[in-house]
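K.L.:
Build me a model from this:
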Amino acid sequence: MSILITGGAGYIGSHTDLCLLNEGYDIVVVDNYDNSSPEALRRVMELTGKTFPYYEADACDEEKLAEIMKKHGVDSVIHFAGLKAVGESVRIPLRYYENNLLSTIRLLKAMETVGVKKMIFSSSATVYSADNQVPLTETGKLGCTNPYGWTKYMNEQILRDAAVADKELTVVLLRYFNPVGAHESGRIGEDPSGIPNNLMPYISQTAVGRRDHLTVYGNDYNTHDGTGVRDYIHVMDLARGHVAAVRYADTFRGSDAINLGTGVGYSVLDMVHAFEEANHIKVPYVIGARRPGDIDTVYSNPAKAKEKLGWQAEKTLVDMCRDQWNWQSHNPNGYAK
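P.N.:
Down below sits the predicted model:
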């Protein structure tokens with residue numbers, strides 16, 4: 001039996017592919033390469049010494065998904081595919097709602113057609129309301145500040161309802177905090193199109209000379225240095241969390257939401273200075289205005305992941321910064337030649 005991975009050529013998807021292959025799982029990848037590259041899949045094969053089938057297809061194509069699942073004897077799905085830029089979601093909300101919700105609905109229908117009963121869903125800490133106390137627990141109040149977050153929130157509800165209706169269906173909702181870093185080889189990593197929305201690729205692209213400077217959005221937050229505090233998690237720790245969730249889904253029934261974070265918050269300037277220190281390189285930055293919707297401090301309580309999945313983050317802040325630079329310095333233009 002094998003695992004279907006939608007969006008498996010993306011940043012988190014490619015690292016999860018690698019972890020699953022190294023753990024002996026068979027995988028099949030579907031990706032439309034909207035914000036990813038098939039080169040990532042070729043490099044995963046290079047790093048693992050294993051091959052796997054992959055298809056250029058859209059996760060909204062219900063018929064194609066069912067055909068692929070049937071052909072490859074799929075028994076579990078990890079659903080990464082989706083549009084994911086917060087700012088863009090505010091500008092083009094209908095595209096986000098259409099793509100991110102329809103892909104989940106059609107994937108569920110394809111699973112139903114073929115008889116696949118296990119899904120790991122790529123959710124996000126953006127589903128939590130801004131008025132929760134930190135650290136955030138899975139029982140915290142839900143509510144979002146942008147269309148991207150609402151698509152994650154709505155998808156969680158769709159999946160919970162599906163699991164209520166089908167008692168054989170298992171859904172594990174993984175709420176990520178802030179993934180950073182890259183595989184230690186430097187062969188795969190985050191390669192966003194356009195100006196990065198996430199902090200670490202913005203830092204590393206500035207360090208490698210692709211950007212003149214980093215813009216730090218706001219320095220008047222109620223934090224130790226005035227810049228926003230977030231829970232940064234190494235992408236390889238996050239990938240291991242998906243392997244643990246696959247194992248959990250083998251015995252669990254119903255739906256369950258689980259945070260994947262470190263439980264430690266670092267500010268934007270903490271990350272800049274840690275990157276500079278780990279890699280002996282300067283990152284020029286300027287202070288800009290706050291971004292709408294950004295809040296002071298967000299970090300997780302990861303205790304449930306340890307209890308239910310037997311998982312906890314292992315990589316350090318130095319690991320995150322070193323691996324990020326190892327990827328970027330060897331691939332200054334990402335996967336582009």
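
K.L.:
can you pull out the strands in the stretch 151-300 of the chain?
P.N.:
In the stretch 151-300 of the chain, the strands defined using DSSP state E, counting those that start in this stretch lie at 170-176, 178-180, 214-217, 229-230, 232-234, 254-260, 266-267, 285-288.

K.L.:
Parallel or antiparallel, list what pairs with the third one.
P.N.:
Read that as strand 214-217. strand 285-288 (parallel) (DSSP bridges).

K.L.:
try the first one
P.N.:
On the basis of DSSP bridges, the sheet neighbours of strand 170-176 come out as strand 118-124 (parallel), strand 254-260 (parallel).

K.L.:
which residues touch the first one?
P.N.:
Defining contact as CB atoms under 8 Å, 6 or more residues apart in numbering, one finds that strand 118-124 is touched by 7, 12, 75-80, 82, 104, 107-108, 111, 148-149, 152, 155-156, 159, 169-176, 242, 245-246, 249-250, 257. The way it works is simple: take the backbone N, C-alpha and C, and place the C-beta from them, glycine included.

K.L.:
For Arg322, find the nearest of the strands of the stretch 151-300 of the chain.
P.N.:
Comparing the strands of the stretch 151-300 of the chain by their distance to Arg322 (CB to CB), the top pick is strand 232-234, with 10.3 Å.

K.L.:
burial measure for Pro38, as a count.
P.N.:
14 (other CB atoms under 10 Å).

K.L.:
biggest helix in the chain, by residue count?
P.N.:
Longest helix of the chain, by residue count under DSSP state H: helix 93-114.

K.L.:
Which positions in it come out as buried?
P.N.:
The neighbour-count check on helix 93-114 (16 or more other CB atoms under 10 Å) flags 96-97, 99-101, 103-104, 106-108, 110-111, 114 as buried.

K.L.:
what does stretch 75-86 give?
P.N.:
Buried residues in stretch 75-86, defined by neighbour count with 16+ other CB under 10 Å: Asp75, Ser76, Val77, Ile78, His79, Phe80, Ala81, Gly82, Leu83, Lys84, Ala85, Val86.

K.L.:
of all those residues, which comes closest to Cys19?
P.N.:
For these, the residue nearest Cys19 by CB to CB is Ile78; the value is 10.9 Å.
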